[in-house]
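> Sharing a model prediction with you, sequence too.
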Amino acid sequence: MQHRAPRNTPGRHRRTVPLHSHRAPRESVAEKGRYAVAAALVAGVGVTAVTVATDGSSPAGAVPKTPTQVAAQASSPTTEVEPTTAEALGIPAAAAAPVQVKGGMAAAGLPQAAQPFMAQRRKVKPMPLWVNPMPEGSVTSCFGQRWGRLHAGVDIAAASGTPIRAAGKGIVVAAGAEEGYGNAVLIDHGNGFLTHYGHMSVITATLGQHVEPGDTLGEEGSTGHSTGPHLHFEVHQGSYKNPIEPTQWMHEHGVDINGCVELR
């Protein structure tokens, strides 16, 4: 014999009232709207461009929208947004004013709006007034007496064909074959000094040409009275045929050609 009580028998311990729920009551629409508007104010969207995350027409199981989604919906040109005022949601008018952050959005830790690219102007490095006429080379002979006569310049040797450059700004006053100098160029710098370049294999400068520091005058060679490819470089003061020690003079003008006198 079974001891189960018959159905619908008085005294059976079946619940007649629903179980008590510990779930907190759902937030009201106005409360959710208040949070959405506050988030929109921080993001800089504005109260009138915000739709409440979950309105009264939303189904019970709808997922609340994030502030980012709300802002994106408000900025979409195809979305019609019903205006929502701060007063209607219980937010004081002062709180609905645009948020002013000192130092901009970045200082407040908020994302910044895209800024147009501004190309920065590069600083133009000024041209040097004087340069080494052949920086690739090394000094092989200096200014002074040699073989019983004055060696009036400094010899700088590099690979044959190395470009020879103008030491400074000036005008080419001579360009061509010149006795023992072979193919040579003379530049008047207009400051009382001239520079002379000898033994070139090729001359590219022309008579009367205005040159800037570093402009190519020709190529290193061994023309004239020469024992091997090199540049014979001279500095003249006042007029041609009045040579002075060239490396010290270049040093005084910011260019070091090491290997001869002690530069001071």
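Structure's in. What do you need?
> Where do the strands of the stretch 151-264 of the chain begin and end?
154-157, 163-165, 170-177, 183-188, 193-203, 210-211, 216-220, 231-237, 243-244 (DSSP state E, counting those that start in this stretch).
> Save those strands as a markdown table, and put in mean neighbour count and mean pLDDT too.
In this view, the C-beta of every residue, glycine as well, is placed from N, C-alpha and C. Output for the strands of the stretch 151-264 of the chain, formatted as a markdown table (neighbours: other Cβ atoms under 10 Å; pLDDT from 0 to 100):
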| stretch | mean neighbour count | mean pLDDT |
| --- | --- | --- |
| strand 154-157 | 23 | 96 |
| strand 163-165 | 22 | 98 |
| strand 170-177 | 16 | 97 |
| strand 183-188 | 23 | 98 |
| strand 193-203 | 23 | 97 |
| strand 210-211 | 16 | 98 |
| strand 216-220 | 21 | 97 |
| strand 231-237 | 22 | 97 |
| strand 243-244 | 16 | 96 |
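> among these, which is nearest residue 256?
Comparison of these against residue 256 by Cβ to Cβ identifies strand 154-157 as nearest, at 12.1 Å.
> hmm, who's touching that closest one?
Applying Cβ atoms under 8 Å, 6 or more residues apart in numbering, the external contacts of strand 154-157 come out as 133-134, 137-143, 228-234, 246-247, 257, 260.
> Output it as PDB, nothing but the C-alphas.
These are the backbone C-alpha positions of strand 154-157, laid out as PDB (Å, rounded to 0.1, in the frame of the first residue of the first chain):
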ATOM      1  CA  VAL A 154      98.800  72.400 -49.500                       C
ATOM      2  CA  ASP A 155      98.600  69.100 -51.400                       C
ATOM      3  CA  ILE A 156      95.600  66.900 -50.700                       C
ATOM      4  CA  ALA A 157      95.400  63.400 -52.200                       C
END
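> Would you list the strands that that strand pairs with, along with their directions?
strand 138-141 (antiparallel), strand 231-237 (antiparallel) (DSSP bridges).
> Could I get the average pLDDT for the first one?
Strand 138-141 shows a mean pLDDT of 94.
> pLDDT score assigned to residue 190?
At residue 190, pLDDT is 95.
> Run through the residues that contact it.
Residue 190 neighbours (Cβ under 8 Å, 6+ apart): 169, 170, 171.
> can you do 10 Å?
Residues in contact with residue 190 (Cβ atoms under 10 Å, 6 or more residues apart in numbering) are 168, 169, 170, 171.
> Report the beta-bridge partner residues of residue 156.
residue 139, residue 231.
> Quick check: the gap between it and residue 165.
Separation of residue 156 from residue 165 (Cβ to Cβ, to the nearest Å) stands at 11 Å.
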